[in-house]
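Q: Next come a sequence and a model predicted from it.
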Amino acid sequence: MRKIKNIVVVAAITAMAFSITGCKMVEKTPEAIQKTVLAKVGDEKVTMADVNSELQADIDYLVETYGEDYENTIDDSLKEQLKTARTQVLEQLVNDKVLITKGTELGYIPSDDELATAIEEEKAKFTEAYGGEEGLKEALEYYGMTDEKFNSFIENMVKTDKVKEAITKDVTVSDEEVQQYYNDNIDKYTTKPGANAKHILFETEEEAQAAKNKIDSGEATFEDLYSQYEANKAAGTKPLSEDLGYVANEQEGFDTDFLAGFKTLKDGEVSAPVKSSYGYHIIKVEGVQTEEKVTPLDDVKESIKSTLLSQKQQELYNSTLEQWKKDLNVKLYEDKL
């Protein structure tokens, strides 16, 4: 009996000891967290340090605000935001590694001279976009990006862009595909009867009628009053004026009483006060269209071709990327984020 009791006691002490040391083993230091492997692309690894490096400005803020142990001290909302950002960055880093690895293997990466020229061209675009060298320098500092990191970013961007171009360069769109898209989406190219409408919205019928009287008497034009109340729209304060663009006579989502007053107007006419669920409107219409109008295919052919080309290129790029990930046996460990 005593022997059994001793075994139980030893087992309990052992369990307690393992629990204590186990907690210390599981609890990672900030340094250990940085070394956590989040993905493998062939023989290459993507670590937490790689991901955090892309979010340096955010990480610096968290460290400054919550300390080096911010992983354990930030609230659940911030943890979720950080995880989402890291997930997006991880996906991008993995995709870039896949593209560059397979692109190099297949000879899609340009020569060193071509690459150097393309890199300098991209740098010049960034410099111009930020108003010169000083503006670019300030932007890099804001985002926590060193010159070395910026150069690496540009190089990766140029390489991945060249690989994407190589993947999709042979994609074409036929006239038959354009015609089919046009036929399938004819509603998109059909303008229903309606007009371009502007309105001024008042709280009361009396206010609306007074405004209409000013217009009828020549004391003010519709445009005068429209300009007077235009600034009120942002604040939602009546009277307010608004350009509604082209409105179909049976436009979905519009107040039916408003449409009833709107669709009887002639080109250039200003309505009497029209009551709706929002208040009282004075409406002016221009460009009245009384019949349905279909935009000819020739007018939209190039636009359709561009849309279809982008879609087909994106589909080919996505399918190629997924196949390359399988070829390289890509592994993601998002549960470690």
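A: Cool, got the structure.
Q: how much space is there between Lys123 and Val163?
A: Using Cβ to Cβ, to the nearest Å, Lys123 is found at 20 Å from Val163. All C-beta spots, glycine's among them, are computed from the backbone N, C-alpha and C.
Q: Comparing those two, which shows the higher neighbour count?
A: For Lys123 versus Val163, neighbours defined as other Cβ atoms under 10 Å are more numerous around Val163 (25 against 15).
Q: I figured that one hits Lys102, correct?
A: Yes: contact criterion Cβ atoms under 8 Å: Val163 and Lys102 qualify, at 7.5 Å.
Q: Mutual contacts of the two, please.
A: Overlap of the contact sets of Val163 and Lys102 (by Cβ atoms under 8 Å, 6 or more residues apart in numbering) consists of Tyr108.
Q: any idea whether Lys233 is helix, strand or coil?
A: For Lys233, the assignment made with DSSP: H, G, I helix; E, B strand; the rest coil gives helix.
Q: Excluding sequence neighbours, find me the nearest residue to it.
A: In space, and not counting its chain neighbours, Lys233 is closest to Leu240: 4.6 Å by Cβ to Cβ, 6 or more residues apart in numbering.
Q: and the one you found, what does it touch?
A: Leu240 touches Ile200, Leu201, Tyr229, Glu230, Asn232, Lys233, counting by Cβ under 8 Å, 6+ apart.
Q: out of these, which are buried?
A: Ile200, Leu201, Tyr229, Asn232 (16 or more other Cβ atoms under 10 Å).
Q: hang on, the earlier thing: in the sheet, who's paired with the residue nearest to Lys233?
A: Counting by DSSP bridges, Leu240 is bridged to Leu201.
Q: show me where pLDDT drops low in the chain?
A: The chain contains residues with pLDDT under 70 at 1-28.
Q: at 90 instead, please
A: For the chain, the stretches flagged by pLDDT under 90 are 1-34, 56-57, 68-69, 71-72, 141-146, 234-236, 337.
Q: In terms of residue numbering, what are the domains of it?
A: If you go by automatic domain parsing, the domain ranges for the chain are 106-168, 193-291.
Q: Would you mark the buried spots in stretch 117-124?
A: Within stretch 117-124, the residues scored as buried using 16+ other Cβ under 10 Å are Ala118, Ile119, Glu122.
Q: outside of the helix or strand harbouring the first one, which residues touch it?
A: Here Ala118, judged by DSSP states H and E, is contained in helix 112-129. Among residues not part of helix 112-129, those counted as contacts by Cβ under 8 Å, 6+ apart are Ile109, Pro110, Glu133, Gly135, Leu136, Asn151, Ile154, Glu155, Met157, Val158, Lys159, Lys162.
Q: Now find how far off-centre that helix is within its chain.
A: Per Cα atoms, centre = their mean, to the nearest Å, the displacement of helix 112-129 from the mean C-alpha position of its chain is 25 Å.
Q: Following it in sequence, what is the next regular element?
A: From helix 112-129 onward toward the C-terminus, using DSSP H and E, the following helix or strand is helix 133-142.
Q: for that following helix, packing partners?
A: Secondary-structure packing of helix 133-142 (3 or more Cβ pairs under 8 Å, 6 or more residues apart in numbering; DSSP states H and E): helix 112-129.
Q: Please export the C-alpha coordinates of the helix it packs on as CSV.
A: Extracted in CSV, the C-alpha atoms of helix 112-129 (Å, rounded to 0.1, in the frame of the first residue of the first chain):
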residue,chain,number,x,y,z
ASP,A,112,21.2,41.5,-65.1
ASP,A,113,21.6,44.6,-67.4
GLU,A,114,17.9,44.5,-68.3
LEU,A,115,16.9,44.1,-64.7
ALA,A,116,19.1,47.0,-63.6
THR,A,117,17.6,49.3,-66.2
ALA,A,118,14.0,48.3,-65.2
ILE,A,119,14.8,48.8,-61.5
GLU,A,120,16.1,52.3,-62.1
GLU,A,121,13.0,53.1,-64.1
GLU,A,122,10.8,52.0,-61.3
LYS,A,123,12.8,53.9,-58.7
ALA,A,124,12.4,57.1,-60.9
LYS,A,125,8.6,56.6,-60.9
PHE,A,126,8.6,56.4,-57.1
THR,A,127,10.8,59.4,-56.8
GLU,A,128,8.5,61.4,-59.1
ALA,A,129,5.4,60.2,-57.3
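Q: Direction-wise, compare it with helix 133-142 and give the angle.
A: On the basis of axes from the mean of the first three to the mean of the last three Cα atoms, to 10 degrees, helix 112-129 is oriented at 90 degrees to helix 133-142.
Q: before we move on, the earlier item: now compare the contacts of helix 112-129 and name the two farthest from each other.
A: Pairwise distances across the contacts of helix 112-129 (Cβ to Cβ) peak at 30.6 Å, for the pair Ile109 and Gly135.
Q: Those two - which one has more neighbours?
A: Set Ile109 next to Gly135 and count neighbours by other Cβ under 10 Å: Ile109 wins out with 19 against 14.
Q: quick one on the thing from earlier: from the buried ones among the contacts of Leu240, which is closest to Tyr280?
A: For the buried ones among the contacts of Leu240, the nearest to Tyr280 is Leu201 (7.3 Å; Cβ to Cβ).
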